[in-house]
Every structure is written in structure tokens, then in C-alpha cells.
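S.K.: the sequence and its predicted three-dimensional model are supplied below.
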Amino acid sequence: MEIPQLEDLPDPSGKKVLLRADFNVPIADGKVGDDMRIKAALPTIEWLLEHGAEVTACTHLGRPKGEPNDEYSLDPVRERLKELAPDVELMENLRFDPGEEDNDDDFVERLIEGQDLYVNDAFGASHRSHASIVGPPKHLPSAAGRLLTKEVDKLGGLLEDPGRPFVAILGGAKVSDKIGIIKTLLDKVDRLLIGGAMAYSFLKASGHDIGDSLVEEDQVDACKELLETEKIVIPIDNVALSDDDEVETVGEDIPDGSKGMDIGPDTCEKFAEEIKKAKTVFWNGPMGVFEDERFEAGTRAVAEAVAEADGFTVVGGGDSASALAQFGLDDEVDHLSTGGGASLEYLEQGDLPGLEALREAADG
């Protein structure tokens, strides 16, 4: 996909540049807990500064519901950014104003006041039609930053010409949240491995007992249709939690009173074999409740298999990225996306509101 690059901007020397970054990072005890997203913006920041621009960054943090809230102050982010890029200013949390999420024209005008150019490097927010994403390109010469460009290139490669076999692994809670991406991937992949709580809807669709596991009854028929493609691989055993709080490994059928919490060891082995054979791998979503060490084995097994794979590996942000970090494997994949929801929407739709805005940007 063609989107304007930094080199397409008018000469930025002496110009003021508004940089929409994605610094939506975890904060703990008043400090940035993980600065991956801040560091990911540095190539763009460095290019702009080297070309003489005066850079002001803006970002959202959390969900403050359109009003100032000390819990979501950007002070800790500003402190870390000053250590990494001392010459960059950072505005306060965009979502402190309801105009951001409402895509309000007056808010856009205030945001771009005094600015000459606009750069979007916030891939993780570019699936939202928010003011800071789609507004500035209507008024200012605009371009994609290095991170946004990299995300589009890497994810676009999965859609256009993936090496085969192409194996995707999807986890998470709800089939309904991922029905679109499942259908898109089934047109592209050779195997689609399903884990997480949504696997129980597929197991039920296959005629298995799922005990008290999470299920979306209104999605079971859709799961039956998807299984007819014969590309989907579902768990052959499960780790379950009984009603008396006992952890047990069971087969495809989960007893009444027990709740599936993770894929089982045989499924881990089966999934790892599929991943090992792949020339291209895409993973999004945990295999179980990995935050609880009793149910982390499935997600760990998939993370290790993806990290060890010889094929080209892409991990779609969100909980999958957190899991890789938890297991110390975040440097072992070819591309770790900074946007969970954005990566899925881009793969499903082939475009994002933020990308469309850049393509239609003002020339100056």
C-alpha cells in the first residue's frame, strides 16, 4: 500500500511538526513499566530532528473518559521521553478532551494550531477515527512515520505473498470479536490453530462436551460452518479447573462442573508441529489464562514454538506481545506489532482510517 513517507514532506527544516505517537504504555508507581512503544518512535523522531524540525508529540494513555484524570497523566511518559529524546515536547493526554474520541473539528483546530506538518507514527491507534488520527491530514502536509510504514509493510506481506505453509494462531475470549479476521485468514492460510476461550465454541460445534467453559451459543453454528473448511485445528486436550478448584488435564470433552482454562499438553505438541513446518506464522491471542501460572503452559508453548520457528514470524501485539515479554521471547520474532486491534483490523480490512487519511492529506 502506498502512503506518503517522511521524504515526501516539504522540507521540515525550521518547521513545527506535530507527531502523533502511540505512547499508551503501562505505568506502575509513577514510572513507565515498558518503554517499547516509546523507543519504537525514535527512528521517526531522529529523522525529523536531523532534518531541522521542531517536534511536538501527542498521544493518548488509557481511557480517562474525556476529562482530566491524574491516573492517566503523561508525566511519567514525558519523563522517559526526555531521557530518550530531550528535544521533543509532549502534549497532555489527548483523551482528557472529549473532542479526541468524538473527532471534533474544533479540537482538531486547537491541536494543529501553530503546526506546519503532521506525522502519524501511531499504528496502534490508526484503526480509530479519532481527531488526532484523521483530523490533521485535512489541514497539513502529512506523512507516515517509520514505525507506521514498517507495520504496513510487514502485515501487508502476510496478505500479499506469504511463504507457505502459512500458519496462523488465534486465541482470545470471543469468537464474535474475531469472526471477521477468522474468515479473512481462512482465505489466506493453510492452517488456522484456535486456542483461548473461543476454542470452546468450536469444540461445542464439533459435538464435544465443554462443561462450564465459556461459550457463545449464538456463534456455534458459525463455528460449524468455519470448521467445514478443514483448515481449522482445535484443541485435542484441555487444562480445566473443576468446581472444587482442582486443576486437571482432560481430553476434548470437558466434564460438567469444570471449566476449560488452557490448551493441554497434546495440543501444545500438535500446535508446535504445525508452527515448525510453517514458512510464515502469524499469532494473535493467548491460548489460556496465561496470567495465572497454572494456565500459562499453552501460551508459553506457542510462544516458544513461534520464537524457534524458521519461517517469517509476526506477532499481533496486545496480550500476545505481553506473553512474549513475560517469557523473555520478545526479541525472538521477526516482527512484533505495536497494535493488537489495529493489526487485526488491517489484516481483515486491508486498510485503516489513519492510512486513508494520510493518502488523502492536504498538499500544503
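M.R.: On my side now, so go ahead.
S.K.: what's the burial count for the nearest residue to residue 351 once chain neighbours are set aside?
M.R.: Distance criterion C-beta to C-beta, 6 or more residues apart in numbering; nearest residue to residue 351, sequence neighbours excluded, is residue 1 at 7.4 Å. All C-beta spots, glycine's among them, are computed from the backbone N, C-alpha and C. Residue 1: 15 surrounding residues under other C-beta atoms under 10 Å.
S.K.: so what's residue 1 up against?
M.R.: If you count contacts by C-beta atoms under 8 Å, 6 or more residues apart in numbering, residue 1 has them with 152, 156, 350, 351, 355.
S.K.: including pLDDT and distance to residue 37, could those residues go into TSV?
M.R.: Output for those, formatted as TSV (pLDDT from 0 to 100; distance: C-beta to C-beta, whole Å):
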residue	pLDDT	distance to residue 37
152	95	17
156	90	21
350	90	24
351	94	22
355	97	19
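S.K.: and these, which is closest to residue 105?
M.R.: residue 355 (20.9 Å; C-beta to C-beta).
S.K.: that closest one: neighbour count?
M.R.: Residues near residue 355, counting by other C-beta under 10 Å: 24.
S.K.: so how far is residue 67 from residue 208?
M.R.: Residue 208 is 48 Å from residue 67, where distance means C-beta to C-beta, to the nearest Å.
S.K.: so if I had to pick from these two, which one is more boxed in?
M.R.: Here residue 208 and residue 67 are compared on neighbour count by other C-beta under 10 Å; more neighbours surround residue 208, at 17 against 10.
S.K.: three-state assignment of the more buried one?
M.R.: The three-state label given to residue 208 by DSSP: H, G, I helix; E, B strand; the rest coil is coil.
S.K.: do I have it right that it meets residue 260?
M.R.: No - using C-beta atoms under 8 Å as the test, residue 208 is too far from residue 260 to be in contact (10.3 Å).
S.K.: list the beta-bridge partners for residue 336.
M.R.: Assessed by DSSP bridges, residue 336 has beta-bridge partners residue 315.
S.K.: so it makes contact with residue 313?
M.R.: No - here residue 336 does not reach residue 313: they are 9.1 Å apart, not a contact under C-beta under 8 Å.
S.K.: domain parsing for this protein?
M.R.: Taking automatic domain parsing as the domain assignment, the ranges for the chain are 6-152+354-359, 164-310.
S.K.: could you dump those domains to a markdown table with distance to residue 332?
M.R.: Below are these laid out as a markdown table (distance: least, C-beta to C-beta, whole Å):
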| stretch | distance to residue 332 |
| --- | --- |
| domain 6-152+354-359 | 14 |
| domain 164-310 | 4 |
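S.K.: out of those domains, nearest to residue 344?
M.R.: Closest approach to residue 344 among the domains of the chain (C-beta to C-beta): domain 164-310, 4.9 Å.
S.K.: helices and strands around the helix or strand of the chain with the lowest mean pLDDT, which ones?
M.R.: Lowest by mean pLDDT, DSSP states H and E among the helices and strands of the chain is helix 318-326, with a mean of 85. Where contact means 3 or more C-beta pairs under 8 Å, 6 or more residues apart in numbering; DSSP states H and E, helix 318-326 is packed against strand 280-284, helix 297-308, helix 340-349.
S.K.: how about it: buried residues?
M.R.: Neighbour counts over helix 318-326 (16 or more other C-beta atoms under 10 Å) mark 318, 319, 320, 321, 322, 323, 324, 326 as buried.
S.K.: would you turn the residues you listed into JSON lines with distance to residue 5?
M.R.: Shown next, in JSON lines, are the buried residues of helix 318-326 (distance: C-beta to C-beta, whole Å):
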{"residue": "318", "distance to residue 5": "27"}
{"residue": "319", "distance to residue 5": "31"}
{"residue": "320", "distance to residue 5": "28"}
{"residue": "321", "distance to residue 5": "26"}
{"residue": "322", "distance to residue 5": "31"}
{"residue": "323", "distance to residue 5": "33"}
{"residue": "324", "distance to residue 5": "29"}
{"residue": "326", "distance to residue 5": "35"}
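S.K.: and the helix or strand in which residue 261 is found, which strands flank it?
M.R.: Using DSSP states H and E, residue 261 falls within strand 259-263. Within its sheet, strand 259-263 is paired with strand 238-241 (antiparallel), according to DSSP bridges.
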